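A.B. asks: Need coordinates for the following:
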Amino acid sequence: MRSATRHLMARLTALCLVTALGLPLTALAGDTWTTPYAGIRQLKRTTSSPRTLNIVALEVDLSNPRISLRSTASSERKKTPGNFAKAVGAHAAINGDFFSYSDYSTTGMAAGNGASWGKADSTYMATFAFGSGRAEIARQSAVISFDSSWMKGVVSGYPDIVRDGVTISSYPDGDPGHCGSLNPRSGIGLSQDKKKLYMVVVDGRTSASKGVYCSELGDIMRGLGAYNAINLDGGGSSALVVKSGSSYPAINTPSDGSQRVVANHLAVIVSDAAVTTATLRGVVFDAADSSMATRVSGATVRLNSGQSVTTDANGNFSFDLPLGTYTLTASAAGYTANSHQRTLSTLGETVWGSLGIAKQGKLNVEVSDASDDSLLEGVAVSLGGGATQTTNASGIASFSNLDAGNYTASASATGYESGKGTAAVSSGATAQLAIALKPLVVDADGDGVADEADNCPSAVNPDQADSDSDGLGDACDTPDPVLDAGHPEDDAGDPVSGDEDASLPGDDTEAGGQPDGDQPGDGESGELPSDGDQPFEDLPGDLNGEVPGQGEGQTPVFWTIESGGCGAAGGAPLSLSAMALLALLPWRRRQ
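C.D. replies: Prediction:
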């Protein structure tokens with residue numbers, strides 16, 4: 001008797017230690033493991049501690065490409081777990097959330113076939129959501145919304161019974177009441193790496209299995225390997241079915257004697273078809289929203305292998321592909337394209353490759369006249385990338401759909417020097433850039449003086465010399481830079497004072513201060529030489545020193561220079577000094 005007691009105490013001590021440490025209980029005596037289907041392990045356990053219990057469980061390998069999950073759609077509610085499994089072609093199923101008998105509505109969030117139909121989530125309920133190769137348990141305190149981008153199904157329950165590897169024994173999020181009594185119980189949980197799903201039912205309300213508290217169900221599930229787990233509807237609703245041939249019997253013993261009709265369910269489907277591809281999926285979102293909540297619909301997602309799809313209204317995309325490494329590029333109007341790589345290494349797996357794309361920016365370039373700040377219309381403005389715009393009446397050239405970065409703009413217009421400037425464009429923002437153009441300086445003669453300021457723009461005259469101060473530079477003032485030097489009778493503008501002009505010897509002054517107007521031959525001092533004097537002595541027709549070709553006593557003939565010679569009519573009178581010089585040249589009288 002003493003030996004038997006010691007043996008029993010040793011077993012109880014070992015059981016308590018394993019339970020406290022959260023170690024798998026799969027090695028306990030009374031455990032029977034089978035594999036009814038690929039990817040599913042089935043446990044049947046009988047134990048007398050802490051009381052007589054019958055426990056059944058399924059360990060589902062979610063990484064197996066042949067395994068998929070299915071939950072109840074709104075139109076599929078009000079079925080037993082077996083009938084639901086049969087209706088959807090599943091191989092195993094467990095009952096789901098607490099519900100109302102009046103309309104079979106669930107207490108918490110429910111969804112099936114990608115559509116939500118249950119109540120909104122609350123801090124009182126915990127949720128199990130799955131889809132697109134993903135499975136998540138959200139604790140009671142984490143209120144979630146249905147996300148159609150990946151959620152295909154949702155089953156809710158309460159309370160949390162395992163949280164981050166620790167069994168929950170008190171309920172700060174709300175005491176469900178029923179946890180303090182022994183009852184049949186159902187629960188689901190996930191391993192820490194979320195690759196294993198645990199579906200557990202403990203029988204109760206019979207002498208063969210009295211039932212468990214919520215915390216005890218948590219210990220059992222934690223021992224199997226669950227890192228997070230939630231309690232589902234229990235009592236007469238607790239049932240776990242596994243397909244056997246064409247029937248769907250419960251592998252536990254329901255307390256009602258048979259499976260109960262319930263609101264919703266969670267089922268496991270094992271595919272018989274050979275899997276030849278993996279799934280690459282994700283969402284395209286606005287990169288400015290780190291939560292990925294701002295989705296971009298109508299975006300194009302293209303693979304380097306050539307395939308492309310357009311995102312749906314929620315920004316979702318998906319490809320079924322052979323194994324390999326792929327480069328995804330997402331693009332949309334008004335956004336900067338973005339790319340990254342993803343590798344598919346296991347058949348049937350789902351790999352996420354969501355892409356954030358940034359909104360493009362805008363650049364406004366204002367062009368003005370540097371001399372007076374007036375805005376210039378019609379100026380050609382170009383960016384380094386080749387885009388060109390023309391300024392409007394407000395002097396603005398606008399560039400849209402620019403990727404974030406630095407841009408250099410160049411502006412050019414007739415009559416102005418070219419100008420440029422650089423501006424930084426940010427995602428989704430409008431940058432401003434001002435360019436002032438200097439009026440173009442024209443210097444035709446290249447003497448370093450602008451034509452508009454040059455007193456002789458047609459000739460090189462960097463010194464701008466203007467001896468007579470008439471505004472016309474000496475380089476252009478021909479033939480004589482001395483003002484009116486050829487007309488001594490205009491003494492007002494003559495640089496030589498008085499009527500005595502050094503350039504015309506013999507000029508004298510008449511009464512009244514006017515220069516003499518005598519005709520040749522009047523005998524006065526300073527006149528042109530008379531007959532016999534030089535230089536007219538031998539000129540034909542010269543009489544008594546008169547002007548050549550003019551008879552004595554005749555009215556003087558004034559000669560003019562014409563192209564090819566001189567004539568007596570139609571020209572301006574020559575000065576005496578000019579006539580003296582012309583006497584040395586061949587003369588021809590105009591007929």
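
A.B. asks: May I have the phi/psi pair for A87?
C.D. replies: Here the main-chain torsion angles of A87 (degrees, to the nearest 10) amount to phi -70, psi -30.

A.B. asks: Quick check: it vs S305, distance?
C.D. replies: Look at A87 and S305: by CB to CB, to the nearest Å, they are 39 Å apart. Backbone N, C-alpha and C define where each C-beta goes, glycine included.

A.B. asks: Over to Y416?
C.D. replies: With distances defined as CB to CB, the gap from Y416 to S305 amounts to 52 Å.

A.B. asks: Going by how many neighbours each has, rank the two and give me the top one.
C.D. replies: With other CB atoms under 10 Å as the criterion, Y416 and S305 differ in neighbour count, and Y416 comes out ahead with 19 against 13.

A.B. asks: Burial check on the closest residue to that one other than its chain neighbours, number of neighbours?
C.D. replies: Leaving out its chain neighbours, the residue that sits closest to Y416 by CB to CB, 6 or more residues apart in numbering is L437, at 4.0 Å. Other residues near L437 come to 20 when the count uses other CB under 10 Å.

A.B. asks: okay but L437 is in contact with S371, surely?
C.D. replies: No: with contact defined as CB atoms under 8 Å, L437 does not reach S371; the gap is 9.2 Å.

A.B. asks: show me the contacts for S255.
C.D. replies: Contacts here follow CB atoms under 8 Å, 6 or more residues apart in numbering; on that basis S255 touches P184, D203, G204, R205, T206, G235, G236, S238.

A.B. asks: wait, which of those is closest to A126?
C.D. replies: Distance ranking of those against A126, using CB to CB, places S238 first at 17.3 Å.

A.B. asks: gap between the nearest residue to S271 once chain neighbours are set aside and M151?
C.D. replies: In this structure, S271 finds its nearest non-sequential neighbour in R66, 4.6 Å apart by CB to CB, 6+ apart. Applying CB to CB, the value for R66 to M151 is 22 Å.

A.B. asks: got it, and G324?
C.D. replies: Using CB to CB, we find G324 at a distance of 28 Å from M151.

A.B. asks: Of those two, which one has the most company?
C.D. replies: Shown here are G324 and M151; by other CB under 10 Å, M151 has more neighbours (23 against 12).

A.B. asks: quick one: the more buried one and A135 touch, right?
C.D. replies: No: the pair M151 and A135 fails to qualify as a contact (CB under 8 Å) at a distance of 10.3 Å.

A.B. asks: Could you name every residue contacting both of those two?
C.D. replies: Taking CB under 8 Å, 6+ apart as the contact criterion, the common neighbours of M151 and A135 are A129.

A.B. asks: Which residues does stretch 80-93 contact?
C.D. replies: Contacts of stretch 80-93 with the rest of the structure, by CB under 8 Å, 6+ apart, involve 36-37, 40, 58, 60, 70, 72, 76, 79, 94-95, 199, 239-243, 247-250, 259-262, 265-270.

A.B. asks: Does G223 lie in a helix or a strand, and which?
C.D. replies: G223 belongs to helix 214-224 when assigned by DSSP states H and E.

A.B. asks: Rounded mean pLDDT for that helix, please.
C.D. replies: pLDDT averaged over helix 214-224 equals 97, rounded to a whole number.

A.B. asks: Equivalent analysis for stretch 381-400, please.
C.D. replies: For stretch 381-400, the mean pLDDT works out to 91.

A.B. asks: how long is that stretch end to end?
C.D. replies: Distance between the boundary residues of stretch 381-400 (CA to CA, to the nearest Å) amounts to 14 Å.

A.B. asks: Stretch 250-262 too?
C.D. replies: Between the start and the finish of stretch 250-262 there is a gap of 14 Å, counting by CA to CA.

A.B. asks: Distance from the chain centre to that stretch, please.
C.D. replies: Centroid separation between stretch 250-262 and its chain, computed with CA atoms, centre = their mean, to the nearest Å, is 58 Å.

A.B. asks: before we move on, the earlier item: so for the residue nearest to Y416, what's the pLDDT?
C.D. replies: What the model reports for L437 is a pLDDT of 95.

A.B. asks: That one: what's it in contact with?
C.D. replies: Residues in contact with L437, defined by CB under 8 Å, 6+ apart, are V367, S368, D369, A370, L376, V379, A411, A413, Y416, E417, S418, G419.

A.B. asks: give me the beta-bridge partners of it?
C.D. replies: D369 (DSSP bridges).

A.B. asks: Quick check: it vs N364, distance?
C.D. replies: When distances are taken as CB to CB, L437 and N364 turn out to be 17 Å apart.

A.B. asks: cool, and A423?
C.D. replies: From A423 over to N364 the distance is 9 Å, taken as CB to CB.
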